[in-house]
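*Asks:* model the following, please.
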Amino acid sequence: MSLSRLRWSLAGVCAVLVALLAFEILAPLPEWTPPSVPPAAVSIYNAEPRPFVAPPTQAYLTIDARPVFSPARTPVGPLFDAVAGGTEGRTSLGDMSLVGIILDRGTRLAMLRTPSSPMAVALSVGSTIDGWLVVEIDDDHVVLRSNGSDQVLVMSRNNGPPAPSSVSAEPQ
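*Replies:* Predicted coordinates:
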């Protein structure tokens with residue numbers, strides 16, 4: 001007998017739950033309108049964007065004087081050596097700096113900084129900067145051409161990590 005009472009009790013609980021579920025589904029929702037908000041006097045979406053003005057180069061002199069990542073590094077200066085035989089008929093590279101070289105599968109980019117641009121510019125082969133054409137980008141140097149003559153900018157080590165040593169793999 002207790003089993004049938006338990007079944008009737010569970011059936012009653014289920015009936016009550018079904019009735020509550022039916023009420024939730026079929027009950028009408030109350031009417032609700034959101035409160036009206038007055039529009040802002042000046043819309044931020046129609047405002048003209050302010051032009052970005054880069055800080056002057058002098059603002060970065062402290063950073064260049066104290067390299068961040070390695071206490072053994074020297075201050076950042078011209079990171080290249082202009083190497084080429086003779087200078088006849090050649091325009092000077094001036095203060096152009098080879099900041100870095102990026103090699104990724106088929107992509108070769110040279111990061112060059114000039115006095116005319118406060119930030120380094122990424123250039124690929126065939127690009128021009130200040131009248132110089134990028135002819136070749138290699139692991140440690142970039143070849144630039146102007147007026148038919150070439151100049152090579154070589155990355156300096158700048159007291160960075162040591163170069164990998166050549167170790168013979170032959171058994172002795």
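*Asks:* all contacts plus neighbour counts: C-alpha atoms, from now on.
*Replies:* OK.
*Asks:* so what pLDDT did Phe80 get?
*Replies:* If you check Phe80, the pLDDT there is 37.
*Asks:* the one 10 residues further on too?
*Replies:* Looking at Arg90, its pLDDT is 37.
*Asks:* and for Thr107?
*Replies:* 87.
*Asks:* what about it, neighbour count?
*Replies:* 9 (other CA atoms under 10 Å).
*Asks:* can you tell me how far it sits from Val125?
*Replies:* Per CA to CA, to the nearest Å, Thr107 is found 10 Å from Val125.
*Asks:* after the helix or strand containing Ala11, next one along is what?
*Replies:* Using DSSP states H and E, Ala11 maps to helix 2-26. Helices and strands here follow DSSP H and E; after helix 2-26, the next one along the chain is helix 61-65.
*Asks:* send me that following helix as PDB with only the CA atoms.
*Replies:* Below are the C-alpha coordinates for helix 61-65, written out as PDB (Å, rounded to 0.1, in the frame of the first residue of the first chain):
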ATOM      1  CA  LEU A  61      66.000  60.600 -26.500                       C
ATOM      2  CA  THR A  62      65.800  59.200 -22.900                       C
ATOM      3  CA  ILE A  63      64.600  55.900 -24.200                       C
ATOM      4  CA  ASP A  64      67.400  55.800 -26.800                       C
ATOM      5  CA  ALA A  65      70.000  56.700 -24.200                       C
END
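*Asks:* state the mean pLDDT of that helix.
*Replies:* On average, helix 61-65 scores 72.
*Asks:* flag every buried residue along stretch 136-149.
*Replies:* Buried residues in stretch 136-149, counted by 16 or more other CA atoms under 10 Å: 136-137, 141-146.
*Asks:* okay, and which of these map to strands?
*Replies:* 136-137, 141-146 (DSSP state E).
*Asks:* helix or strand right after the helix or strand of the chain with the lowest mean pLDDT?
*Replies:* Within the chain, no helix or strand scores below strand 80-83, which has a mean of 37 by mean pLDDT, DSSP states H and E. For strand 80-83, the succeeding helix or strand toward the C-terminus, using DSSP H and E, is strand 97-104.
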